[in-house]
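S.K.: I'd like to go over a predicted model; first the sequence, then the structure.
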There are 2 protein chains.
Amino acid sequence: MKASSSTSKPSAKYHHGNLRQTLLAAAKQMIAADGIESLSLRKLADKVSVSRTAAYHYFDDKNDLLCAIASDGFRQWQQLLKQSEQQNQTERQKFEKYLVNYMVFATHHPEEYELMFGRCIWKQAKCTEELQTIAHGTFQHQVDMMAYWQSIGLVVGNNPLRTAQIIWGTLHGIAKLFIDGVYVDDTRAEEIVKSALPMFLVPKD
Amino acid sequence: MKASSSTSKPSAKYHHGNLRQTLLAAAKQMIAADGIESLSLRKLADKVSVSRTAAYHYFDDKNDLLCAIASDGFRQWQQLLKQSEQQNQTERQKFEKYLVNYMVFATHHPEEYELMFGRCIWKQAKCTEELQTIAHGTFQHQVDMMAYWQSIGLVVGNNPLRTAQIIWGTLHGIAKLFIDGVYVDDTRAEEIVKSALPMFLVPKD
DNA sequence: CAATCAATCTTGACACTGTCAAAATGCTGG
DNA sequence: CCAGCATTTTGACAGTGTCAAGATTGATTG
């Protein structure tokens, strides 16, 4: 019998309550604390006070769980993007904000970022349908924005896909060098990306 | 008793011969075939027909072995760089060659590249002294080249370190997006980096 | 040449991992 | 109250890195 009986927690009614969400939350917390590689399903189960294999009713696999976390990460990123786009700013400001946002998100959620864009999931080609879909949507959105910024003469180049790949590459590269510990001082990330900005902009008249 | 007695192989004289080199070579072959994450010391030992723990006489650790592979990778990269620098070309051509070389090296040795610059080693801060040294030398060389290219007005910017960080970031990012399987068509890597080139160059008069 | 030594390699063991099959538990509708 | 079903647990297995202790073997020295 669990301690949380009767009417203590509103969402705890069935066996555990909603184990899936609890597992996801705990897993996120654990990877944030100790990194992806030191997350084990058994330690996770321990932390949630549940049996070793309980998670297998909600996730096919360890990989499946990681994909779910990555998907959540994409949702979080999309929401942040949407908020930022609604701000009343010049396009130039929006573009800069996009770059900085990307960097801040990546360095503040390094483990989620790794799951979203790292080898762990994509390399092994074991990517959930859900993740595939939401990730592709995000990529497409990037390309669309780039196309627009090029069309109004803000960003260099005339091939949106190609330009998006390069600019994204730059952001991704700098982010990963920080996240993976090759560059050490996280706080410089924003500074660096800002000094990269002029390379992407069409020179003013 | 081993089968390779008498004078069959020239390098097989002691117990095994030179197990260290054999292990390194076999390990490189295995990660090239199946990726870093599916390399196990036991399978490696099997492949070399040696006991599970034999490797521990030459490497402290699995991590230590991976560091050794990474170090070899840096030596290979440095050699490639040196060769390329001796070619008789304009500085502009050398710069372009540098970018393309980086990309080709990364995409042709993806697993070694991951060990050299990836989270696997750097994130966990378990980096050999040897690796630390040779890696730092490579970074410094990059910065020095960038300083020179800026001084002759070839490359944009006037802060060599900052510029090196950004350009390296771009290369690294694009390389990793390919290596990790986010971008799929490896053959486009060179094309992409070439179209990024103009962003780094000072416009001609 | 023979005995000792140190380098090299193997065996045994342990804790930890992901994952499957089968059993047990507890809620819910009839 | 009971059957059925969703949910969770127990048992088991193969695989992993790594340590301690023993076995092998080439080299060294009296």
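M.R.: Good, I have the coordinates.

S.K.: Return the list of helices and strands in contact with the helix or strand encompassing residue A:142.
M.R.: Assigned by DSSP states H and E, residue A:142 belongs to helix A:129-151. Applying 3 or more CB pairs under 8 Å, 6 or more residues apart in numbering or on different chains; DSSP states H and E, one finds that helix A:129-151 contacts helix A:62-86, helix A:91-108, helix A:160-179. Yep, even glycine has a C-beta here, placed from its N, CA and C like the rest.

S.K.: Give me the residues contacting that helix.
M.R.: Helix A:129-151 is touched from outside by A:67-68, A:70-71, A:74-75, A:77-78, A:81, A:91, A:95, A:98, A:116, A:121, A:127, A:155-158, A:160-161, A:163-164, A:167-168, with contacts defined as CB atoms under 8 Å, 6 or more residues apart in numbering or on different chains.

S.K.: rerun that using 6 Å as the cut-off
M.R.: A:67, A:70, A:71, A:74, A:95, A:155, A:160, A:161, A:163, A:164 (CB atoms under 6 Å, 6 or more residues apart in numbering or on different chains).

S.K.: dump the residue contacts of residue A:110.
M.R.: Residue A:110 makes contact with residue A:179, according to CB under 6 Å, 6+ apart.

S.K.: I'd like the distance between it and residue A:157.
M.R.: Computed with CB to CB, to the nearest Å, the distance linking residue A:110 and residue A:157 is 30 Å.

S.K.: try residue A:106
M.R.: 23 Å.

S.K.: Same drill for those two, tell me which one is more crowded.
M.R.: In this view residue A:106 and residue A:157 are compared by other CB atoms under 10 Å in any protein chain shown, and residue A:106 has more residues nearby, 24 against 20.

S.K.: dump the residue contacts of the more buried one.
M.R.: By CB under 6 Å, 6+ apart, the contact list for residue A:106 reads A:113, A:175.

S.K.: Pick the one among the contacts of helix A:129-151 closest to DNA strand D.
M.R.: The shortest approach to DNA strand D among those belongs to residue A:67, at 19.2 Å (CB to the nearest atom of the strand).

S.K.: Let me know the distance separating that closest one from DNA strand C.
M.R.: To DNA strand C, residue A:67 is 12 Å away according to CB to the nearest atom of the strand, to the nearest Å.

S.K.: phi, psi of the residue nearest to that residue when sequence neighbours are not counted?
M.R.: What sits nearest to residue A:67 in space, not counting adjacent residues and going by CB to CB, 6 or more residues apart in numbering or on different chains, is residue A:128, at 3.9 Å. Per-residue torsions, residue A:128: phi -60, psi 150 (degrees, to the nearest 10).

S.K.: where does residue A:182 land in three-state SS?
M.R.: coil (DSSP: H, G, I helix; E, B strand; the rest coil).

S.K.: where in chain A is pLDDT low?
M.R.: A:1-15, A:205 (pLDDT under 70).

S.K.: Pick out the residue of it closest to chain B.
M.R.: In chain A, the residue that lies nearest chain B is residue A:173 (2.5 Å; CB to the nearest CB).

S.K.: okay, stretch A:39-52 in PDB with CA atoms only?
M.R.: Extracted C-alpha coordinates of stretch A:39-52, given in PDB (Å, rounded to 0.1, in the frame of the first residue of the first chain):
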ATOM      1  CA  LEU A  39      20.500   7.800 -16.200                       C
ATOM      2  CA  SER A  40      19.400   4.200 -15.600                       C
ATOM      3  CA  LEU A  41      15.900   2.900 -15.600                       C
ATOM      4  CA  ARG A  42      16.600   1.200 -12.300                       C
ATOM      5  CA  LYS A  43      17.700   4.300 -10.500                       C
ATOM      6  CA  LEU A  44      14.800   6.100 -12.000                       C
ATOM      7  CA  ALA A  45      12.400   3.500 -10.800                       C
ATOM      8  CA  ASP A  46      14.000   3.700  -7.400                       C
ATOM      9  CA  LYS A  47      13.600   7.400  -7.200                       C
ATOM     10  CA  VAL A  48       9.900   7.100  -8.000                       C
ATOM     11  CA  SER A  49       9.600   4.200  -5.600                       C
ATOM     12  CA  VAL A  50       8.400   1.800  -8.100                       C
ATOM     13  CA  SER A  51       9.600  -1.500  -9.500                       C
ATOM     14  CA  ARG A  52      12.400  -1.900 -12.000                       C
END
